[in-house]
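Novice: Take this sequence and fold it.
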Amino acid sequence: MLHAAADIAASVLVAGIIAVSLLSNVVVLICFLYNPQIRRQVPGLFILNLTFCNLLLSVSNMPLTLAGIITTDHPGGAGGGGLCQMVGFLDTFLTTNSMLSMAALSIDRWVAVVFPLSYHSRIRHRDAVLALGYTWMHSLCFSAAATCASWVGYHHLYASCTLCSARASSSATRTQYVVFTVALHSLTFLLTLVVLCVTYLKVLQVARFHCRRIDVITMQTLVLLVDIHPSVRQKCLDQQRRRRQRATKKISTFIGTFVVCFTPYVITRIVELFFSGTISPHWGVLTKCLAYSKAASDPFVYSLLRHQYRATCSQLANKVLKRSPLHSASRRLENGTAKRDTNPAATTNATITNATITIPTTTNAATTIPTTTDPTKPAITNPNITTHTITDHPPSNESPVQ
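Specialist: Now for the predicted structure:
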């Protein structure tokens with residue numbers, strides 16, 4: 001009874017992963033095809049390759065794993081037939097390709113943050129195509145070698161067609177299989193993990209440096225504006241705190257999802273090589289489901305939560321619902337006005353977002369300090385003051401994390 005309940009839970013989990021993965025990756029693909037700005041960006045090629053791998057994994061490997069869990073038998077035919085051989089080849093190829101695509105994305109963002117002025121000369125579309133060519137050749141070599149050596153078949157531990165240690169029968173073949181498996185995971189999972197940690201931690205270091213610069217300007221401004229309203233001062237301090245946390249959360253998401261999804265599966269694979277005991281099939285299926293879940297989370301981690309993709313999705317939704325963007329903007333404006341009318345504190349909080357605050361410097365340029373939102377009141381000018389704008393985000397050319 002307990003085993004039946006575990007099988008049902010695993011089946012529901014795999015079915016949910018398939019649905020989310022298909023829907024989210026299709027949305028990313030539609031955004032890529034609809035928005036020409038996304039297509040012109042170099043990271044768009046890496047995201048497109050990652051989306052392609054996730055979609056193919058969702059329609060080939062995941063359904064057979066679901067069938068294996070439901071029927072408790074291999075769906076590829078006796079002895080790991082042609083269908084299971086092909087799906088096992090795709091399992092190794094797509095998983096390796098997706099990992100290397102994540103490494104390429106992290107390198108791209110590292111170059112964009114550390115070398116912002118020379119990014120376009122360092123990373124071009126030609127370089128991205130060469131990097132993708134390497135990921136395909138790397139993945140193709142490992143998957144083709146495993147298939148040619150007949151190490152691909154139905155694995156009961158994972159209820160899927162993948163690398164199977166049972167097909168390495170003789171002692172010499174077993175040794176070769178162990179060396180191949182260790183090399184595969186070292187040059188894919190471990191290599192990608194090292195690249196992710198090195199590049200994203202460097203990005204986080206640069207992001208914190210920029211946050212400290214902005215914090216200095218903010219604190220100097222708050223010290224100078226002694227008559228500032230307490231709610232406005234608190235708003236500035238809250239923005240300062242959120243700015244410090246934003247980059248850390250994004251970097252933790254990039255590295256954390258990779259570690260959580262792939263580490264249990266890879267460790268189980270390595271333990272299986274040197275452990276003579278029996279590993280629970282439910283644990284094997286769970287680790288495989290975690291690896292599959294990366295295909296469902298990648299669209300959100302790398303694409304759909306970014307402003308550019310969200311704006312494209314909003315445009316597509318307006319187009320499908322036959323609503324004009326101007327109508328949607330006016331509706332949002334009306335809703336925001338109604339909220340401000342009912343909540344006076346919202347007006348104060350909204351004002352600080354676009355408020356222009358000044359710091360005395362030695363410049364002679366005359367600048368304007370708007371101290372109120374009332375256009376009928378005159379602005380204050382001072383020839384010895386330069387203007388600094390405090391917003392929720394750092395300047396676009398200093399944004400550490402895209």
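
Novice: show me where pLDDT drops low in the stretch 1-150 of the chain?
Specialist: 1, 72-80 (pLDDT under 70).

Novice: at 80 what do you get?
Specialist: Residue ranges of the stretch 1-150 of the chain with pLDDT under 80: 1-3, 72-81.

Novice: Ok, the stretch 201-350 of the chain next?
Specialist: Applying pLDDT under 80 to the stretch 201-350 of the chain flags the ranges 208, 210-245, 276, 322-350.

Novice: Which residue ranges of it form helices?
Specialist: Using DSSP state H, counting those that start in this stretch, the helices of the stretch 201-350 of the chain run over 230-274, 281-299, 307-320, 325-342, 344-353.

Novice: and those, which is most packed in?
Specialist: The highest mean neighbour count among those, using mean count of other CB atoms under 10 Å, belongs to helix 281-299: a mean of 22. Quick note: C-beta positions are derived from backbone N, CA and C, even for glycine.

Novice: Give me the helices and strands touching that one, please.
Specialist: Counting contacts by 3 or more CB pairs under 8 Å, 6 or more residues apart in numbering; DSSP states H and E, helix 281-299 packs against helix 2-34, helix 42-71, helix 82-114, helix 230-274.

Novice: of all these, which lies closest to residue 144?
Specialist: Closest of these to residue 144 is helix 82-114, at 7.5 Å (criterion: CB to CB).

Novice: Tell me which residues of that closest one come out buried.
Specialist: Residues of helix 82-114 classed as buried by neighbour count (16 or more other CB atoms under 10 Å): 84-85, 87-114.

Novice: Any idea which of the helices and strands packed on helix 281-299 gets closest to residue 308?
Specialist: With CB to CB as the criterion, residue 308 lies closest to helix 2-34 of those, at 8.3 Å.

Novice: Show me which positions of that closest one end up buried.
Specialist: Under 16+ other CB under 10 Å, the buried positions of helix 2-34 are 6-7, 10-11, 13-14, 17-18, 20-22, 24-25, 27-29, 31-32.

Novice: before we move on, the earlier item: the helices and strands packed on helix 281-299: which one's closest to residue 191?
Specialist: Short answer: helix 82-114, nearest of these by CB to CB, at 7.0 Å.

Novice: quick one, that closest one and helix 230-274 angle?
Specialist: Calculated by axes from the mean of the first three to the mean of the last three CA atoms, to 10 degrees, helix 82-114 forms an angle of 140 degrees with helix 230-274.

Novice: Tell me which other helices or strands the helix or strand following helix 82-114 touches.
Specialist: Counting by DSSP states H and E, the next helix or strand C-terminal to helix 82-114 is helix 119-122. When contacts are defined as 3+ CB pairs under 8 Å, 6+ apart, helix 119-122 packs onto helix 82-114.

Novice: Spit out the contact partners of the residue nearest to residue 59 when sequence neighbours are not counted.
Specialist: Spatial nearest neighbour of residue 59, excluding adjacent residues (CB to CB, 6 or more residues apart in numbering): residue 22 at 7.4 Å. By CB atoms under 8 Å, 6 or more residues apart in numbering, the contact list for residue 22 reads 55, 58, 59.

Novice: rewinding a little: between the helices of the stretch 201-350 of the chain, which one is nearest to residue 41?
Specialist: Counting by CB to CB, residue 41 lies closest to helix 307-320 out of the helices of the stretch 201-350 of the chain; the figure is 8.6 Å.

Novice: which secondary structure elements does that closest one contact?
Specialist: Other helices and strands packing on helix 307-320, by 3+ CB pairs under 8 Å, 6+ apart, are helix 2-34, helix 36-40, helix 325-342.

Novice: next one: it to chain centre, how far?
Specialist: From the chain centre to the centre of helix 307-320 is a distance of 19 Å (CA atoms, centre = their mean, to the nearest Å).

Novice: before we move on, what about stretch 18-25?
Specialist: Mean-position distance between stretch 18-25 and its chain equals 15 Å (CA atoms, centre = their mean).

Novice: Send me it as CSV with only the CA atoms.
Specialist: C-alpha atoms of stretch 18-25 as CSV (Å, rounded to 0.1, in the frame of the first residue of the first chain):
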residue,chain,number,x,y,z
ILE,A,18,5.9,17.9,-17.7
ALA,A,19,3.0,20.3,-17.8
VAL,A,20,5.0,23.2,-16.2
SER,A,21,8.1,22.6,-18.3
LEU,A,22,6.2,22.5,-21.6
LEU,A,23,4.1,25.6,-20.8
SER,A,24,6.9,27.7,-19.5
ASN,A,25,9.5,26.8,-22.2
